[in-house]
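In: fold the following.
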Amino acid sequence: MPAWCKKATITVNGQVFSESEGNKIAVVSRTWQTGDMVELRLPMRVSSSRWYENSMSVERGPLTYALKIEEDWKTVKNDKDPIDFGAQYMEVRPTTPWNYGLVAVRNNQLEQAAKVIQRTETADYPWNLASAPIEIRMKARRLPRWKLYDDMTGPIPFSIIYGQETGPDEEITLIPYGCTTLRISQFPVVAN
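Out: The predicted structure follows:
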């Protein structure tokens, strides 16, 4: 059982066979019959990790989540070095705000602060903005001083600085990191 799972459940033919803590090995030893069905349930909880400049990432089970940033794709002609880098390339830029800090929440209250929304149907190719199978919505505030620098996000502001200029509370949408092209997955934390 993976370490991120607090209580895994194994059922055989619809009946609970065993429950196990994470970071353990579970053994299913029995006499098997044709048609037996084994189901493993690994409940996922929302958690966080701390990173550079005391920033915070949001995880659920084995996945890290990133801000859902709407994108504008365009083809750019490469006049500078078409021999080595091709005659053109694709450029993607954000069309929605990205400079958010997550509102501080105590670790034991993170699960209640995060709204997990799971689609009932999964697309054939779920790894894009439009088809992300799961969303997490959280409270955040815009950080007006956190801006683009050399066409990239500028240095991440240090968390938590009291009195830091912020916008009002907003609800932001996080989706699995693998569904994004433009990514903010380490957020400054702003005082509540």
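In: residue contacts, the closest residue to residue 38 other than its chain neighbours?
Out: Residue nearest to residue 38 in three dimensions, not counting chain neighbours: residue 12, with 5.5 Å by CB to CB, 6 or more residues apart in numbering. Bear in mind the C-beta positions are built from the backbone N, C-alpha and C, glycine included. Contact analysis of residue 12 by CB atoms under 8 Å, 6 or more residues apart in numbering lists 28, 30, 36, 37, 38, 39.
In: where does this protein have its least confident helix or strand?
Out: Least confident helix or strand of the chain, by mean pLDDT, DSSP states H and E, is helix 82-85 with a mean of 77.
In: so where's the chain shaky on pLDDT?
Out: 162 (pLDDT under 70).
In: need phi/psi at the most centrally placed residue in it.
Out: Using CA atoms, centre = their mean, the residue of the chain that lies closest to the mean C-alpha position is residue 65, 0.5 Å off. Per-residue torsions, residue 65: phi -110, psi 150 (degrees, to the nearest 10).
In: that one touches residue 177, doesn't it?
Out: Yes: taking CB atoms under 8 Å as the definition, residue 65 is a contact partner of residue 177 at 6.4 Å.
In: for the protein, what spans make up the helices?
Out: Along the chain, the segments classed as helices by DSSP state H run 82-85, 110-113.
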